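Asks: What follows is a protein structure lacking sequence information:
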């Protein structure tokens with residue numbers, strides 16, 4: 001698959017993932033994954049290590065959302081890199097979701113945003129899986145054209 005269709009598929013998955021995360025966190029604040037919180041913590045650490053001034057909360061949130069879509073879009077671009085896009089999307093989505101549950105603690109970002117409850121853990125994996133499947137479906141559709 002060519003670069004532009006792969007990018008389109010990847011960013012479609014990333015946008016779907018971000019919309020799902022943001023919608024559910026407003027509907028189920030008690031146990032929805034808070035990947036936005038993890039992203040903001042990570043950015044605060046990066047700004048601190050670079051001796052840059054800390055942005056205000058709204059700016060930090062906006063930067064986090066942009067970074068999420070960019071990084072997840074580039075990650076999900078791998079879905080469109082060949083045949084079996086849906087299978088690749090499923091596997092990459094599950095891997096990203098598992099990483100979202102397992103890595104924040106060891107990275108010093110805290111565990112609660114993605115590990116607060118068993119439902120939070122399941123939703124974290126499920127939402128990334130949905131993003132991967134959306135990317136796979138878009139890649140498959142674009143491949144047929």
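Replies: Yep, it's here. Keep in mind the model is a prediction, meaning the values are calculated, not measured.

Asks: lowest-pLDDT helix or strand in the protein?
Replies: The weakest-scoring helix or strand in the chain, judged by mean pLDDT, DSSP states H and E, is helix 112-115 (a mean of 92).

Asks: mind listing what's buried in that helix?
Replies: 113, 114, 115 (16 or more other Cβ atoms under 10 Å). Bear in mind the C-beta positions are built from the backbone N, C-alpha and C, glycine included.

Asks: Contacts made by stretch 10-20 with the rest, please.
Replies: Contacts to stretch 10-20, defined as Cβ atoms under 8 Å, 6 or more residues apart in numbering, come from residues 65, 68-70, 72-80, 89, 93, 127-128, 130-136, 138.

Asks: Narrow these to just the buried residues.
Replies: The neighbour-count test (16+ other Cβ under 10 Å) marks 65, 68-69, 72-73, 75-80, 89, 93, 127-128, 130-136, 138 as buried among the contacts of stretch 10-20.

Asks: Return the subset of these lying in helices.
Replies: Mapping those onto helices (DSSP state H) picks out 65, 68-69, 72-73, 75-76, 89, 93, 127-128, 130-136, 138.

Asks: Residue ranges in the protein under the pLDDT threshold?
Replies: Counting by pLDDT under 70, the chain contains low-confidence ranges at 1, 145.

Asks: The same query, at a cut-off of 90, please.
Replies: For the chain, the stretches flagged by pLDDT under 90 are 1-3, 80-83, 143-145.

Asks: can you pull out the strands in it?
Replies: Read by DSSP state E, the chain holds no strands at all.

Asks: Give the full set of residues in contact with the residue nearest to the spatial centre of the chain.
Replies: For the chain, the residue sitting closest to the mean C-alpha position, by Cα atoms, centre = their mean, is residue 72 at 4.9 Å. Residue 72 makes contact with 10, 13, 14, 17, 18, 96, 131, according to Cβ under 8 Å, 6+ apart.
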